[in-house]
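Engineer: Build the 3D model from these lines:
(chains A, B, C and D)
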Protein chains: 2
Amino acid sequence: MSAKESAPQLTQDQTEMIVLSVLSEGPSYGYAISKQIAARSEETFRVGASQLYPLLTKLEKQGLVSTDWEEIKSASAEPEAPGRKRKWYRLSPKGERRLESRIAAHQRFTAIMNSFIAGPSGAAS
Amino acid sequence: MSAKESAPQLTQDQTEMIVLSVLSEGPSYGYAISKQIAARSEETFRVGASQLYPLLTKLEKQGLVSTDWEEIKSASAEPEAPGRKRKWYRLSPKGERRLESRIAAHQRFTAIMNSFIAGPSGAAS
DNA sequence: TGCAATATATCTGAAATCGATATATCATAA
DNA sequence: TTATGATATATCGATTTCAGATATATTGCA
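Structural biologist: Numbering: from 1, shown residues only, chains lettered A, B, ... in the order given. This next block holds a predicted model:
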């Protein structure tokens, strides 16, 4: 079928910036990050699992985030049960620096975009 | 090989908005549009021929721009010579409306992006 | 007992990107 | 004269990206 219709479209860099900025507020994990981006953008931005997990893996390889596995023990299940696993991501100092440079780049980008909207002499119609 | 390194990346919608805004200042043609985008963005945005011409064709099919061919007569060549051809694009009323809706969408987009940068409560670190 | 939500992760068909290529004219300099 | 670079339009194709579907598994609730 492929409805497609509305294509908000985020570039790779923009998606990375958003994920890093979410993590700059504190450690989080994949599912929560995805939900938070959707909620905070009122469903305008949707970063699904198929984009998010490869991205998080890339960020980890680049040393921008560090990770820890959490073993979620079920209260009702037997103590022997393996339980659900949750992978936490936290921003590294290198990741913080990357975020800041992404924000700077974004602001340059936005300024240029606005200059095109405004026209060559800033004249409005 | 694929150097790639720096990926400024514009989404389709962003590229369309920029091209339409350039045309809102007056009729132009492919090569000039490409050069103007590069110049006005100080080489930050590069919309090459392989992206621009398919886009212009699409805009033409959608009735957002109208086109005219110009026959460029060479001064020194024989009058019989066919000469170079230049295809002019001008924004249609429908294109003007599209541009305005693209600008509105861009501003909504930018507002959300800024809200992620600012954090959930607008608190700066 | 089944269903929805939580949770991580990959697969895959379709689409987008962008350098390279193709074609052709024009101006300038070697 | 001829070669080079700029002008000018347009397509090709290898690689990358996208986003839905799929896979696996746990948890909570009706």
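
Engineer: Any idea how many residues pack against residue A:64?
Structural biologist: Using other C-beta atoms under 10 Å in any protein chain shown, residue A:64 has 23 neighbouring residues. For every residue, glycine as well, the C-beta is placed using N, CA and C.

Engineer: Chain neighbours aside, what residue packs nearest to it?
Structural biologist: residue A:95 (3.7 Å; C-beta to C-beta, 6 or more residues apart in numbering or on different chains).

Engineer: Let's test this: mean pLDDT of whatever helix or strand that neighbour lives in, rounded?
Structural biologist: Secondary structure assignment for residue A:95, by DSSP states H and E: helix A:93-118. Helix A:93-118 comes out with an average pLDDT of 95.

Engineer: same question, stretch A:60-69
Structural biologist: Averaging pLDDT along stretch A:60-69 yields 96.

Engineer: Run the contact check for the helix holding residue A:95 versus DNA strand D.
Structural biologist: No - Helix A:93-118 stays clear of DNA strand D (C-beta under 7 Å from any atom of the strand), getting no nearer than 14.9 Å.

Engineer: Next one: the residue nearest to residue A:64 relative to residue A:106, how far apart?
Structural biologist: 16 Å (C-beta to C-beta, to the nearest Å).

Engineer: Now the helix holding residue A:95: buried residues?
Structural biologist: Going by neighbour count (16 or more other C-beta atoms under 10 Å in any protein chain shown), the buried part of helix A:93-118 is A:95, A:98-99, A:102-103, A:106, A:109, A:112-113, A:116-117.

Engineer: CSV please, covering those residues and showing distance to residue B:69.
Structural biologist: Converted to CSV, the buried residues of helix A:93-118 look like this (distance: C-beta to C-beta, whole Å):
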residue, distance to residue B:69
A:95, 53
A:98, 49
A:99, 49
A:102, 44
A:103, 46
A:106, 40
A:109, 35
A:112, 32
A:113, 31
A:116, 27
A:117, 30
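
Engineer: what's the closest of the residues you listed to residue B:26?
Structural biologist: Taking C-beta to C-beta as the measure, residue B:26 lies nearest residue A:116 of the buried residues of helix A:93-118, at 14.2 Å.

Engineer: which residues touch that closest one?
Structural biologist: Residue A:116 makes contacts with B:17-18, B:21-22, B:40-41, as judged by C-beta atoms under 8 Å, 6 or more residues apart in numbering or on different chains.

Engineer: Apply 7 Å and report the result again.
Structural biologist: The contact partners of residue A:116, taken as C-beta atoms under 7 Å, 6 or more residues apart in numbering or on different chains, are B:18, B:21, B:40.
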